[in-house]
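**Student:** got a structure for you, letters missing:
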């Protein structure tokens with residue numbers, strides 16, 4: 001099984017201070033054919049104007065990941081965490097039994113552009129927690145680098161689901177291969193750039209998914225930043 005999700009087909013929310021593209025049903029955007037993929041429930045591509053953001057609001061029973069592409073995202077929550085997230089850093093918040101948080105553009109002059117990702121945890125009622133890590137540019141360059149996992153290693157963050165999340169910044173003309181274990185689900189999100197995946201061209205904002213692929217061959221047409229979810233069937 002193979003799915004292609006083109007950027008222009010995603011849901012759109014425009015509040016002036018926020019422009020968001022929704023890969024899956026979210027908020028006022030509903031699409032019965034795109035409710036998630038495996039435990040992956042949300043991929044929102046958000047652009048927030050300078051000095052603006054999401055006021056305090058609650059979450060529960062969700063693993064929430066933020067990956068910043070440009071700018072600086074400021075986070076505060078009811079656990080007492082306060083942090084700024086910049087490109088190359090991943091934030092993970094386990095909402096569990098309940099947490100209240102806010103997210104704001106930390107700059108008064110420049111927009112912030114980030115991906116907000118929700119993964120359904122394998123267990124409800126977890127203790128809320130927060131984690132953040134910066135990944136060196138060299139670790140992301142032209143290789144699949146693990147940034148989150150149920151079994152974290154090499155600086156990857158802990159998520160409470162059978163998902164391995166990889167990131168790469170792939171230079172033009174470079175090729176990467178990924179060979180999943182049998183039966184795994186894969187979701188590839190093109191955060192920026194242009195790539196050819198198993199012969200199919202994907203541009204910025206596009207995504208593709210597989211439920212039975214033996215391997216992915218990814219060739220960069222131009223410099224690209226990619227996220228790859230390797231998930232439980």
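**Tutor:** Perfect, thanks for sending it. A quick note: this is a predicted structure, and the numbers were derived from the prediction, not measured. Residues are numbered from 1 along each chain as shown.
**Student:** and the closest residue to residue 45 other than its chain neighbours, bridged to which residues?
**Tutor:** Excluding its sequence neighbours, the residue lying closest to residue 45 (Cβ to Cβ, 6 or more residues apart in numbering) is residue 21, at 4.4 Å. To be clear about C-beta, it is placed using only N, CA and C from the backbone, and glycine gets the same treatment. Judged by DSSP bridges, the bridge partners of residue 21 are residue 12, residue 45.
**Student:** what does the average pLDDT come to for stretch 211-229?
**Tutor:** Averaged over stretch 211-229, pLDDT sits at 96.
**Student:** likewise stretch 163-181?
**Tutor:** Averaged over stretch 163-181, pLDDT sits at 97.
**Student:** one more: stretch 145-152?
**Tutor:** 97.
**Student:** re the thing from before, from residue 50, how far out is the residue nearest to residue 45?
**Tutor:** Taking Cβ to Cβ, to the nearest Å as the measure, residue 21 falls 20 Å from residue 50.
**Student:** higher neighbour count, those two?
**Tutor:** residue 21 (21 against 15; other Cβ atoms under 10 Å).
**Student:** got the contact list for the residue most central in space within the chain?
**Tutor:** Most central in the chain under Cα atoms, centre = their mean is residue 117, positioned 4.4 Å from the mean C-alpha point. Contacts here follow Cβ atoms under 8 Å, 6 or more residues apart in numbering; on that basis residue 117 touches 40, 42, 43, 44, 64, 65, 66, 67, 227.
**Student:** which of these are buried, as a PyMOL select command?
**Tutor:** The PyMOL selection below is limited to those of those classed as buried (16 or more other Cβ atoms under 10 Å):
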select buried, resi 40+42+43+44+64+65+66+67+227
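**Student:** now, which of the contacts of residue 117 lie within helices?
**Tutor:** Taking DSSP state H, every one of those sits outside helices.
**Student:** okay, the contacts of residue 117 in a markdown table with distance to residue 164 next?
**Tutor:** Converted to a markdown table, the contacts of residue 117 look like this (distance: Cβ to Cβ, whole Å):
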| residue | distance to residue 164 |
| --- | --- |
| 40 | 12 |
| 42 | 18 |
| 43 | 16 |
| 44 | 21 |
| 64 | 17 |
| 65 | 13 |
| 66 | 18 |
| 67 | 15 |
| 227 | 11 |
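**Student:** against residue 8, how distant is the residue nearest to residue 45?
**Tutor:** For residue 21, the distance to residue 8 - Cβ to Cβ - is 9 Å.
**Student:** just checking, residue 147 touches residue 168?
**Tutor:** No. In this structure residue 147 lies outside contact range of residue 168 using Cβ atoms under 8 Å: 9.9 Å.
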